[in-house]
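In: sharing a sequence plus its predicted fold:
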Amino acid sequence: MNQPVTIGIDVATAGVRALAVRGGTVLASAAEPLPAPVRDGRGHSEQDARSWWPAVKTVLAKVTGELPGRGGEVAAVAIAATSGTIVGVDASGEPVTPALMYDDRRGAELNREATGLGADRWRRLGFGVSATAALGRIAWLARHVPDVTGIRHTPDLIAAELTGGPVAADWSHALKSGYDPLALEWPAEVFEALGVPMSLLPSVVAPATVLGEVARPVAGLPAGCPVVAGMTDGCAGQLAAGAVAPGSFVGILGTTYVLKGVTEELVPDPTGAMYSHRHPDGWWLPGGASNTGGEAVAGQDRLPELDAAAAALGPAKVVAYPLRRKGERFPFASPDAEGFVSGEADEVQLHRARLEGVAFLEQLALDHLRRLGVTVTDPLLAAGGGSRSPLWTRIRATVTGLGLRVSPQAETGYGAALLAAAGVLPGGLTEASAGLGEGTLVEPDERERAALAESYQRFCAELHTRGWIDDELFAVVRR
């Protein structure tokens, strides 16, 4: 079967973006801004949920208008969105509350209760309930907004507009709402103890499941076009980068560093630094996000100049942990972690040390996976703005000892388009991802390998001395 034309919709906090894709090629794209969330000193974070659908219609009309058949050839559409954003709806499916955003903290105390109520379940899954988990906000809505008769995630609301009626949620967007992807059920014992009627919660299906069909022609989409379940923005971006099959991992170096991959079995992390979404085919998507990354590298307006000087310099003589704000979450969890430099350094030396420090954190993340029994296939995929720096990518390859294949695509909307194709192709996601480009392969620089290996050991020794990484992980590092 020929690759179909599919559209992926990315509903992010700042705006909506849509891409039409066929066989790995982006045919058209468009974007539309959304009103900024309203945040206050109480930890509330809200956005007008009624703004989403008009923005989605606008970008769909622009994208379909650029296609040869004006959208008539679109075989499927899927939606990805920010993880953890929910909205309360009435019996007709209309929003009766603002969207409570991913960082809204009004359910923090209820999430603490949920942690104890579902302790055995969370232990099996290998992650806890964070202060900003949507689960607590669902309980908050049930207690404080009597007009709420249902809970929707962002894609659920958009898909309902397309199909003309309520749809199931996917197990990726439902994860932070408390859905158990191992038992494939909502944690009834937790919700009932919190006073949440189970009738508020949507049914849940696997990503890439066909949810329904477009009820009437809209924004260039033909009636009867399948609407397919998507995944969260991070998961969709991972698929777009090519981390689709077991063993494949992608290191996404943007403002922060994120490592995500695929395993055949669920790998619980006793430290809580890593957690897993579930793959559309039933495998698992372990990953974690650091507080360290591109934002920690100073001199952003002079990066080419500093990179050239740092490349000529060679491995730094000092070791740096380039953390801009207090607290780390991955590959180790420590609220007390702070950035440091192990000695005196000029501007170029410090720049090189910061680049190496992020690479050391990436290697520490891989060592953390290794101690959990996870095998990472060579090459490691690379995505994000930091991967556009040849020097930084070479340093990362040299530190990890892996080839780094820089992915040509890592956009959320692109990943959503892959999921849309997976919903209508007989080979599912495997067939849908067959057209992904391989990208550029960067190999380790053996001339710098020994020096960087020594610096990595010094880096980890500093973390261990400060009590931020435990004895077990430090022992893995030294092997």
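Out: Okay, I see it. Residues are numbered from 1 along each chain as shown.

In: please count neighbours and contacts with C-alpha atoms only from this point.
Out: Fine.

In: can you pull out the helices in the stretch 201-350 of the chain?
Out: With helices called from DSSP state H, counting those that start in this stretch, the stretch 201-350 of the chain shows them at 233-241, 303-313, 347-371.

In: span of stretch 143-155 from start to end?
Out: Stretch 143-155 has an end-to-end distance of 24 Å (C-alpha to C-alpha, to the nearest Å).

In: in it, which residues are buried?
Out: Buried residues in stretch 143-155, counting neighbours by 16 or more other C-alpha atoms under 10 Å, are found at 148, 149, 150, 151, 152, 153, 154, 155.

In: one step back: reformat the helices of the stretch 201-350 of the chain as a markdown table; add mean pLDDT, distance to residue 176 and mean neighbour count.
Out: Below are these laid out as a markdown table (pLDDT from 0 to 100; distance: least, C-alpha to C-alpha, whole Å; neighbours: other C-alpha atoms under 10 Å):
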| stretch | mean pLDDT | distance to residue 176 | mean neighbour count |
| --- | --- | --- | --- |
| helix 233-241 | 95 | 13 | 27 |
| helix 303-313 | 93 | 37 | 15 |
| helix 347-371 | 96 | 22 | 23 |
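
In: so which of those helices gets nearest residue 274?
Out: In terms of C-alpha to C-alpha, the element of the helices of the stretch 201-350 of the chain nearest to residue 274 is helix 347-371, at 9.0 Å.

In: partners of the next helix or strand after the closest one in the sheet?
Out: Later in the chain than helix 347-371, the nearest helix or strand by DSSP states H and E is strand 380-383. Strand 380-383 has the following strand partners under DSSP bridges: strand 249-253 (parallel), strand 404-406 (parallel).

In: pipe those strands into JSON lines and attach mean pLDDT, distance to residue 385 and mean neighbour count per row.
Out: Formatted as JSON lines, the strands paired with strand 380-383 follow (pLDDT from 0 to 100; distance: least, C-alpha to C-alpha, whole Å; neighbours: other C-alpha under 10 Å):
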{"stretch": "strand 249-253", "mean pLDDT": "95", "distance to residue 385": "6", "mean neighbour count": "28"}
{"stretch": "strand 404-406", "mean pLDDT": "96", "distance to residue 385": "11", "mean neighbour count": "26"}
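
In: put together JSON lines for these, with distance to residue 35 on each row.
Out: Shown next, in JSON lines, are these (distance: least, C-alpha to C-alpha, whole Å):
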{"stretch": "strand 249-253", "distance to residue 35": "27"}
{"stretch": "strand 404-406", "distance to residue 35": "33"}
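
In: closest one to residue 338 among those?
Out: Across the strands paired with strand 380-383, residue 338 has its closest neighbour in strand 249-253 (19.6 Å, C-alpha to C-alpha).

In: centre of the chain to the closest one, how far?
Out: For strand 249-253, the separation from the chain centroid amounts to 10 Å (computed by C-alpha atoms, centre = their mean, to the nearest Å).

In: and if you look at stretch 416-429?
Out: Centroid separation for stretch 416-429 versus its chain: 19 Å, with C-alpha atoms, centre = their mean.

In: what's next to it, contact-wise?
Out: Stretch 416-429 is contacted from outside by 1, 3-10, 19-21, 75-80, 207-210, 226-231, 236, 239-240, 244, 280-281, 430-433, using C-alpha atoms under 8 Å, 6 or more residues apart in numbering.

In: one more: stretch 374-384?
Out: With C-alpha under 8 Å, 6+ apart as the contact definition, stretch 374-384 has outside contacts at 241-243, 247-254, 263, 267, 366, 369, 402-410.

In: so, low pLDDT: which residues of this structure?
Out: For the chain, the stretches with pLDDT under 70 are 1, 298-300.

In: residues in contact with the residue nearest to the spatial centre of it?
Out: When C-alpha atoms, centre = their mean is applied to the chain, the residue found nearest the centroid is residue 234 (1.8 Å). Residues in contact with residue 234, defined by C-alpha under 8 Å, 6+ apart, are 83, 412.
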